[in-house]
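Colleague: Next come a sequence and a model predicted from it.
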Amino acid sequence: MTKAGRRHFIKTFGCQMNVYDSERMSEALGVSGFTAADEPESADLLILNTCHIREKAAEKVYSELGRLRQIKAAREKDGHRTTIAIAGCVAQAEGREILTRAPVVDLVVGPQSYHRLGDLVRQAEGSGGGVVDVDFPEDDKFKHLPARTASRRAPAAFLTVQEGCDKFCTFCVVPYTRGVEYSRPVREIVEEAERLAAAGVCELTLLGQNVNAYHGQSEDGASWSLARLLVRLAEIPAIERLRYTTSHPRDMSDDLIAVHGSQNKVMPYLHLPFQAGSNRILGAMNRKHTREEYLDLVRRIREARPDMALSTDIIVGFPGETDADFEQTLQLVDEVNFAQAYSFKFSARPGTPAETMDDQVPDEIKSVRLQELQAMLSAQQTAFNASCVGRRFDVLFERHGRRPGQLVGRSPYLQAVHADGADELMGRMIEVEILRAGPNSLEADILSVADSSQLVMAAV
């Protein structure tokens with residue numbers, strides 16, 4: 001058992017699943033006697049939970065290690081032993097190479113082994129560092145993690161229901177860093193959701209690298225789809241909102257589309273990456289769908305839920321992409337009209353098929369294309385935000401704003417919403433009217449708060 005009274009600090013890079021993983025790592029370390037530190041300078045254990053999707057994300061990790069090296073040296077000069085660990089997808093992808101490149105690192109642990117983090121830290125400290133655990137163990141890590149604590153939580157939480165991916169897109173490292181698709185059992189997810197609800201959570205975002213491929217087993221041995229799981233989670237009274245991400249077009253099933261039309265707790269906002277608008281490039285990416293199939297899918301989703309807003313991921317400059325291919329991407333963006341999007345220049349990831357493809361696109365061409373695409377996407381996002389002015393919807397207020405009396409929450413469409421209101425509105429779902437829209441946020445008037453003693457009115 002790790003000595004009681006020690007402190008850890010975790011810095012998280014990348015996706016929402018890494019945010020969830022960091023929280024679970026902190027809980028696992030709590031069993032081993034660690035408590036969370038507010039800053040790295042006061043921590044005995046420093047963890048970087050890493051992302052490997054793009055080259056810059058990995059390089060940020062090594063840059064951050066330079067700062068941690070200085071912190072470790074200063075602490076050890078004062079007699080405080082400090083352990084540095086690299087976790088997550090960079091750890092999984094690069095393994096022992098991290099120790100060669102950054103000898104200051106004591107422990108490298110992949111995303112499938114963080115339930116053993118307390119033991120691994122003890123091993124690293126006992127051996128003077130150099131511990132690497134990036135295996136894909138046969139046992140289910142979720143069964144070995146401590147139950148989610150019932151202490152008061154933020155009103156919104158992530159919940160991982162699925163990991164890994166079997167699609168093997170030629171540009172993506174996920175199958176190599178997270179492994180094959182795995183779906184958690186239904187009962188395990190429902191119990192975790194109920195514990196989160198008891199702790200004050202009213203919005204859940206279900207996570208998975210390919211979340212709509214979920215096929216978890218129920219207690220009677222049946223395989224549940226994501227649609228059926230959403231219906232079950234919607235039965236938890238305290239859970240008022242449900243979201244899920246990230247989806248693959250190939251797994252957007254009819255029953256899942258139908259749930260968007262029948263379950264009001266499932267938010268009208270869907271992240272659905274298409275990556276490229278050219279069928280030739282989609283084939284080279286091994287995306288397993290065409291532009292026509294994607295557009296038909298969007299049509300069916302909007303038929304089921306007319307107020308649905310879509311976000312997406314787009315890669316420009318994939319090997320072999322011509323001006324004509326890129327023009328088809330712009331045409332698809334124009335036709336779908338996204339509320340938000342994440343667009344990137346192609347970045348070759350080591351070990352992926354796309355890394356060695358012919359016809360790599362020069363970086364200057366990628367930059368020009370990305371700039372043109374982002375101008376279109378920015379205009380669409382601004383227009384969508386503007387279309388919300390005058391609308392009324394519920395906002396979940398989660399934090400304080402920059403000025404006194406200001407609260408910040410999220411709309412059903414994940415937009416940041418600013419409004420003036422009392423502190424007791426924090427963590428509650430409140431109806432607002434949107435007054436103004438900016439490119440990245442909305443300003444609102446709190447309409448009314450049903451309360452046993454008063455009706456609160458607040459204006460921006």
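Modeller: Yep, that arrived.
Colleague: From here on, just use CA atoms for contacts and neighbour counts.
Modeller: Fine.
Colleague: And the lowest mean pLDDT element among the helices and strands of the chain?
Modeller: Lowest mean confidence among the helices and strands of the chain (mean pLDDT, DSSP states H and E): helix 141-144, at a mean of 66.
Colleague: Tell me where the stretch 201-350 of the chain has helices.
Modeller: In the stretch 201-350 of the chain, the helices defined using DSSP state H, counting those that start in this stretch lie at 226-234, 254-262, 279-285, 291-304, 323-336.
Colleague: Could you do the stretch 1-150 of the chain as well?
Modeller: 16-31, 55-77, 89-94, 97-101, 117-127, 141-144.
Colleague: Retrieve the pLDDT associated with the residue nearest to Cys202 when sequence neighbours are not counted.
Modeller: Spatial nearest neighbour of Cys202, excluding adjacent residues (C-alpha to C-alpha, 6 or more residues apart in numbering): Ile239 at 4.3 Å. Per-residue pLDDT puts Ile239 at 97.
Colleague: who touches Ile239 in this structure?
Modeller: By C-alpha atoms under 8 Å, 6 or more residues apart in numbering, the residues touching Ile239 are Ala197, Val201, Cys202, Glu203, Leu204, Leu233.
Colleague: Could you pick out which of these are located in strands?
Modeller: With strands taken from DSSP state E, the overlap with the contacts of Ile239 comprises Glu203, Leu204.
Colleague: could you dump the contacts of Ile239 to JSON lines with pLDDT?
Modeller: What follows is the contacts of Ile239, written out as JSON lines (pLDDT from 0 to 100):
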{"residue": "Ala197", "pLDDT": "94"}
{"residue": "Val201", "pLDDT": "94"}
{"residue": "Cys202", "pLDDT": "95"}
{"residue": "Glu203", "pLDDT": "96"}
{"residue": "Leu204", "pLDDT": "97"}
{"residue": "Leu233", "pLDDT": "98"}
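Colleague: Let's see if you can find the most crowded of the contacts of Ile239.
Modeller: Neighbours were tallied for each of those (criterion: other C-alpha atoms under 10 Å), and the maximum of 26 neighbours falls on Glu203.
Colleague: what sits opposite that residue in the beta ladder?
Modeller: With DSSP bridges applied, Glu203 shows beta-bridge pairing to Ala156, Arg241.
Colleague: Ok, which of the helices of the stretch 1-150 of the chain comes nearest Val368?
Modeller: With C-alpha to C-alpha, the closest approach to Val368 among the helices of the stretch 1-150 of the chain belongs to helix 55-77: 18.9 Å.
Colleague: And the closest one, what's buried?
Modeller: Along helix 55-77, these residues count as buried under the neighbour rule (16 or more other C-alpha atoms under 10 Å): Ala58, Val61, Leu65, Leu68, Arg69, Ile71, Lys72, Arg75.
Colleague: So for it, mean pLDDT?
Modeller: Rounded to a whole number, the mean pLDDT of helix 55-77 is 85.
Colleague: For it, C-alpha coordinates in CSV please.
Modeller: This file holds the C-alpha atoms of helix 55-77, laid out as CSV (Å, rounded to 0.1, in the frame of the first residue of the first chain):
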residue,chain,number,x,y,z
GLU,A,55,1.5,14.9,-33.8
LYS,A,56,1.2,18.2,-31.9
ALA,A,57,-0.7,16.5,-29.1
ALA,A,58,2.2,14.1,-28.5
GLU,A,59,4.8,16.8,-28.8
LYS,A,60,3.0,18.8,-26.1
VAL,A,61,3.6,16.0,-23.7
TYR,A,62,7.4,16.1,-24.2
SER,A,63,7.3,19.8,-23.9
GLU,A,64,5.3,19.5,-20.6
LEU,A,65,7.9,17.0,-19.3
GLY,A,66,10.5,19.8,-19.4
ARG,A,67,8.4,21.7,-16.8
LEU,A,68,7.8,18.6,-14.7
ARG,A,69,11.6,17.9,-14.7
GLN,A,70,12.2,21.3,-13.1
ILE,A,71,9.4,20.7,-10.5
LYS,A,72,10.8,17.3,-9.7
ALA,A,73,14.4,18.6,-9.3
ALA,A,74,13.2,21.5,-7.0
ARG,A,75,11.1,19.2,-4.9
GLU,A,76,13.8,16.6,-4.5
LYS,A,77,16.3,19.3,-3.6
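Colleague: contacting residues around it?
Modeller: Helix 55-77 is contacted from outside by 13-14, 40-41, 46, 48, 50-52, 81-84, 90, 102, 104, 347-349, using C-alpha under 8 Å, 6+ apart.
Colleague: hmm, try it at 10 Å
Modeller: Residues lying outside helix 55-77 but in contact with it, judged by C-alpha atoms under 10 Å, 6 or more residues apart in numbering, are 11-14, 40-52, 78-86, 89-91, 98, 101-105, 346-350.
Colleague: next one: stretch 191-204
Modeller: Stretch 191-204 is touched from outside by 147-160, 187, 189-190, 206, 233, 236-244, 265-267, 396, 427-429, with contacts defined as C-alpha under 10 Å, 6+ apart.
Colleague: Distance from the chain centre to that stretch, please.
Modeller: Centre-to-centre, stretch 191-204 and its host chain are 18 Å apart (C-alpha atoms, centre = their mean, to the nearest Å).
Colleague: hang on, the earlier thing: nearest to Asp166, out of the helices of the stretch 201-350 of the chain?
Modeller: Of all the helices of the stretch 201-350 of the chain, helix 279-285 sits nearest to Asp166, with 13.9 Å by C-alpha to C-alpha.
Colleague: residues of the closest one that come out buried?
Modeller: The neighbour-count check on helix 279-285 (16+ other C-alpha under 10 Å) flags Asn279, Ile281, Leu282, Ala284, Met285 as buried.
Colleague: Show the subsequent helix or strand relative to the lengthiest helix in the chain.
Modeller: Once the chain is assigned using DSSP state H, the helix that runs over the most residues is helix 363-387. With elements assigned by DSSP states H and E, the helix or strand that comes after helix 363-387 is strand 392-400.
Colleague: Paired strands for whichever helix or strand comes after that next one, with orientation please.
Modeller: For strand 392-400, the succeeding helix or strand toward the C-terminus, using DSSP H and E, is strand 406-410. For strand 406-410, the paired strands and their directions (DSSP bridges) read strand 392-400 (antiparallel), strand 416-420 (antiparallel).
Colleague: Not counting its own residues, what contacts the last one?
Modeller: Applying C-alpha under 10 Å, 6+ apart, the set of residues contacting strand 416-420 from outside is 395-397, 399-411, 432-437, 440-446, 457-460.
Colleague: From those residues, keep the buried residues only.
Modeller: 395-397, 399-400, 406-411, 432-437, 441-446, 458.
Colleague: pLDDT and distance to Val132 added to the buried residues of helix 279-285, as a markdown table?
Modeller: Below are those laid out as a markdown table (pLDDT from 0 to 100; distance: C-alpha to C-alpha, whole Å):
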| residue | pLDDT | distance to Val132 |
| --- | --- | --- |
| Asn279 | 98 | 41 |
| Ile281 | 98 | 38 |
| Leu282 | 98 | 36 |
| Ala284 | 98 | 35 |
| Met285 | 98 | 32 |
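Colleague: if we can go back for a sec, mind checking which of the contacts of stretch 191-204 land in strands?
Modeller: Per DSSP E, these map to strands at Ala156, Ala157, Phe158, Leu159, Thr160, Leu206, Arg241, Leu242, Arg243, Tyr244, Leu396, Met429.
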